[in-house]
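Predicted model and sequence follow; I will ask about them next.
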Amino acid sequence: MSSSLPDPRQLSIHDFTYQLPPERIAPEPLAQRDQSRLLLSRQGAIEDRTFHELPAVLPADSLLVFNDTKVVRARLFCHKPTGGQIELFCLEPVAPHRALEPAMQQTGSCVWKCLVGNGKRWKTGPVLLDFEALGEPATLTAERLEATAEGYSLIRFSWEPATLPFAEVLRGAGHLPLPPYLNRDDTAVDAVRYQTVYAAHEGAVAAPTAGLHFSEAVLAELAERGHQQARVTLHVGAGTFQPVKADRMDGHAMHGEPISVSRVVLEQLLHHAPHPIIAVGTTSLRTLESLYWLGVQAAQGLLPTDSTPHVSQWQPYEPGSDLPTAAALQALLHHLDTQQQDALHATTQLLIAPGYRFRLIQGLVTNFHQPESTLLLLVAALLGPDWRRVYDHALANGYRFLSYGDSSLLLP
């Protein structure tokens, strides 16, 4: 790290705040996805646009990288035999599979780490949920096994018919996990609008909300104007809403999330230089920048072959590597060749904060984020102190904030 840049470990989250009036938080999506407002910040100059104009205002020959994760219906409202309601929020699979895709195809029974609502009322015994799956009646039974150190619970689920995959159980029995600050139940509108139009791989418990503004028409115009598109997958975890409680960032543990990037996309990224790469959303950005650090590990012969590769929270801030970006991507492709794999699967805890040097991306499409959040730290890392001017402009000019709010294109 350059001595002229701040050490993110010493940063106080309280320096990254602003006053967000509750009425500025968008409670519902707009009638049309691409009619959201778009704040364009280009080299410090701010313009007010509409999202459908995005293809026209992007730098020429941009490559937009989208996160194609799909939100699962991860909230389950079960009932005790005596009638009391217990809410279970499925966070991540534990057994028999820890990887999401096989866990979603598991039949009969499984164990997940969950948040439990009304947990004090659930002393012993199973709780139940009757639902309909694939047009037939079904029943889910949940048993509490043990508490984890982080305050979650391990829950064993079993269901009838046992031939149903767990993905169908969640589709039939579950509710969409809307952000807690919306403070309302999910609706039929949310079932469509809290997913991107290009969502493909189930596993997220929160939407990659920057992508919610893209319509089929906007995607088509991107192609017409010569902009390329690529898809990566990061399954957004509940940790995305985790508040920073530590006084300094070195006391905050970033949540880990699984990522998946195909060989085809790695080659696309490698060959797109020197044209701009624009991340659609903070999750796409963290995935892209994580590729660089995985490539550093690969170039140093440190990428594991017998366990899941991982980017730690502080790897970029250690005395490390000035490896060129192209060399990092080539090292990953060589790793896939030697392992005879078509995609890279890893996990990332990457924290991007002021002091971070971006390696792959030249711009970001993103919504407006909560005060004192790691997402706001990421924006501050990209824009520098200018982030305040962007947020002041958005607040002064009626932009809608957070998940269902308006969008921005940030080109530092």
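Structure received.

could you pull out the helices for this protein?
Listed in chain order, the helices of the chain (DSSP state H) span 54-57, 100-105, 166-173, 188-193, 216-224, 263-272, 282-299, 325-339, 374-383, 387-396.

out of these, nearest to Q242?
Closest to Q242 of the helices of the chain is helix 374-383 (C-beta to C-beta; 8.0 Å). (Glycine included, C-beta is placed from N, CA and C.)

follow-up on the earlier one: point out the most buried one among the helices of the chain.
helix 282-299 (a mean of 26; mean count of other C-beta atoms under 10 Å).

Alpha carbons of it, as CSV, please.
Extracted C-alpha coordinates of helix 282-299, given in CSV (Å, rounded to 0.1, in the frame of the first residue of the first chain):
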residue,chain,number,x,y,z
THR,A,282,-21.1,-3.5,-5.6
THR,A,283,-21.4,-7.3,-5.7
SER,A,284,-20.1,-7.4,-9.3
LEU,A,285,-17.4,-5.0,-8.3
ARG,A,286,-16.3,-7.1,-5.3
THR,A,287,-16.3,-10.2,-7.5
LEU,A,288,-14.2,-8.6,-10.2
GLU,A,289,-11.6,-7.1,-7.8
SER,A,290,-11.5,-10.5,-5.9
LEU,A,291,-10.4,-12.1,-9.2
TYR,A,292,-7.2,-10.0,-9.1
TRP,A,293,-6.3,-11.1,-5.6
LEU,A,294,-7.1,-14.8,-6.5
GLY,A,295,-4.8,-14.3,-9.5
VAL,A,296,-2.1,-13.0,-7.3
GLN,A,297,-2.4,-16.2,-5.2
ALA,A,298,-2.3,-18.3,-8.3
ALA,A,299,0.8,-16.5,-9.6
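
which one of the helices of the chain lies closest to L128?
helix 166-173 (10.5 Å).

now what about that closest one, what contacts it?
Residues from elsewhere that reach helix 166-173, judged by C-beta atoms under 8 Å, 6 or more residues apart in numbering: 72-74, 76, 90, 103-107, 110, 129, 131-134, 138, 140, 157, 159, 202.

Outline the domain layout of the chain.
8-70+192-411, 74-175 (automatic domain parsing).

Export stretch 245-263 to PDB, keeping only CA atoms.
Provided in PDB are the C-alpha atoms of stretch 245-263 (Å, rounded to 0.1, in the frame of the first residue of the first chain):
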ATOM      1  CA  LYS A 245     -20.400  -1.800  15.200                       C
ATOM      2  CA  ALA A 246     -16.700  -1.400  15.700                       C
ATOM      3  CA  ASP A 247     -15.100   2.000  16.300                       C
ATOM      4  CA  ARG A 248     -12.400   1.200  13.700                       C
ATOM      5  CA  MET A 249     -12.700  -1.000  10.600                       C
ATOM      6  CA  ASP A 250     -10.000  -3.400  12.000                       C
ATOM      7  CA  GLY A 251     -12.600  -4.500  14.500                       C
ATOM      8  CA  HIS A 252     -15.200  -5.300  11.800                       C
ATOM      9  CA  ALA A 253     -15.400  -8.800  10.300                       C
ATOM     10  CA  MET A 254     -16.600  -8.800   6.700                       C
ATOM     11  CA  HIS A 255     -19.100 -11.500   5.700                       C
ATOM     12  CA  GLY A 256     -17.900 -14.100   3.200                       C
ATOM     13  CA  GLU A 257     -19.800 -14.800   0.000                       C
ATOM     14  CA  PRO A 258     -19.400 -17.500  -2.700                       C
ATOM     15  CA  ILE A 259     -18.500 -16.300  -6.200                       C
ATOM     16  CA  SER A 260     -18.300 -18.100  -9.500                       C
ATOM     17  CA  VAL A 261     -16.700 -16.900 -12.700                       C
ATOM     18  CA  SER A 262     -16.500 -18.900 -16.000                       C
ATOM     19  CA  ARG A 263     -13.400 -19.300 -18.100                       C
END
